[in-house]
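>>> coords below, sequence missing:
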Ligand code: PGA
């Protein structure tokens, strides 16, 4: 198990300011300060600012779910990484919902990763194949293309500081929601780390954090956290449920205590 487990809650387009504040308040009361676990919350853009003033920074960090790759300009409706840099530690980039619903292609994802790094925000790059691509034996090709393009503008040092989440599209609860077996997840995560090694060397491969995401909840999280080389989980649906999300964090604590 990883030295420090990263647990990211992607709240997607759920929870307004008061609902989000309430959930934060309850989680904050329940969660302890720990050097073993890093908990990151990714609320909607609108909620980031009000949550940041209520947040106990010893317990949580914030992530944005998206941003625009240009730092400033006439781009109606967009928010740039530059605008977010004092507010968030992380930003989720290349989530399958953005690739599928908002047609973000490899080039767009690459520009966003570069913009995040330029603005000193750590990217959480999401990669993963669709059910169709897996059926056609294209999983490795898809992961290869998504990983290599997204990281193309970065140095080895920048790559080693970032986070990559393997999220098979077919396992995400709002798509097919089929549970990936831990060994299926492991194969893909090993492949991603190997790609990083080939392109950026052993140090970047060792240090880059690789998460698993796709229908993770409090009942099954232990199986994924036990995967060798798994540095944590990216949680969607279960992260807006107080009991499920705090159960996920409890499991991570328990596993760390057992490992010590
Ligand atoms: P899920 O979502 O946990 O609801 O499957 C994961 C994600 O979309 O990041």
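Nice, thanks for sending it over. Nothing here was measured: the structure is a model prediction, and the numbers come from that model.
>>> where does this protein have low pLDDT?
1 (pLDDT under 70).
>>> Spell out which parts of it neighbour the ligand.
Where the chain comes near the ligand, counting by C-beta under 6 Å from any ligand atom, the residues are 10, 167, 172-174, 213-216, 234-238. Bear in mind the C-beta positions are built from the backbone N, C-alpha and C, glycine included.
>>> Generate a PyMOL selection restricted to the buried subset of those residues.
In PyMOL syntax, the buried subset of those is picked out as below (16 or more other C-beta atoms under 10 Å):
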select buried, resi 10+167+172+173+213+214+215+216+234+235+236+237+238
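>>> Okay, helices next: where are they in the stretch 101-250 of the chain?
In order along the chain, the stretch 101-250 of the chain carries the following helices (DSSP state H, counting those that start in this stretch): 106-118, 131-135, 139-151, 156-160, 182-200, 202-207, 221-225, 242-259.
>>> Turn those helices into JSON lines, columns for distance to residue 6.
Rendered in JSON lines, the data for these read as follows (distance: least, C-beta to C-beta, whole Å):
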{"stretch": "helix 106-118", "distance to residue 6": "16"}
{"stretch": "helix 131-135", "distance to residue 6": "25"}
{"stretch": "helix 139-151", "distance to residue 6": "18"}
{"stretch": "helix 156-160", "distance to residue 6": "15"}
{"stretch": "helix 182-200", "distance to residue 6": "14"}
{"stretch": "helix 202-207", "distance to residue 6": "13"}
{"stretch": "helix 221-225", "distance to residue 6": "10"}
{"stretch": "helix 242-259", "distance to residue 6": "9"}
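>>> I'd guess residue 8 is in a strand, am I close?
Yes. With DSSP: H, G, I helix; E, B strand; the rest coil as the criterion, residue 8 is assigned to a strand.
>>> All the strands of the stretch 1-150 of the chain, residue numbers only.
Along the stretch 1-150 of the chain, the stretches classed as strands by DSSP state E, counting those that start in this stretch are 5-10, 37-42, 60-64, 90-93, 122-127.
>>> which ones among the residues of the chain next to the ligand are found in strands?
Counting by DSSP state E, the residues of the chain next to the ligand place 10, 213, 234-235 in strands.
>>> Is it possible to get JSON lines of the strands of the stretch 1-150 of the chain that adds distance to residue 260?
Converted to JSON lines, the strands of the stretch 1-150 of the chain look like this (distance: least, C-beta to C-beta, whole Å):
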{"stretch": "strand 5-10", "distance to residue 260": "13"}
{"stretch": "strand 37-42", "distance to residue 260": "13"}
{"stretch": "strand 60-64", "distance to residue 260": "23"}
{"stretch": "strand 90-93", "distance to residue 260": "26"}
{"stretch": "strand 122-127", "distance to residue 260": "26"}
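>>> Which of the helices of the stretch 101-250 of the chain sits closest to residue 41?
Closest approach to residue 41 among the helices of the stretch 101-250 of the chain is made by helix 242-259 (9.3 Å; C-beta to C-beta).
>>> what angle separates the closest one from strand 37-42?
Relative orientation of helix 242-259 versus strand 37-42 (axes from the mean of the first three to the mean of the last three C-alpha atoms, to 10 degrees): 150 degrees.
>>> buried set for helix 242-259?
Of the residues in helix 242-259, those buried by neighbour count under the rule 16+ other C-beta under 10 Å are 244-249, 251-252, 255-256.
>>> And the residue of the stretch 51-200 of the chain closest to the ligand?
residue 173 (3.4 Å; C-beta to the nearest ligand atom).
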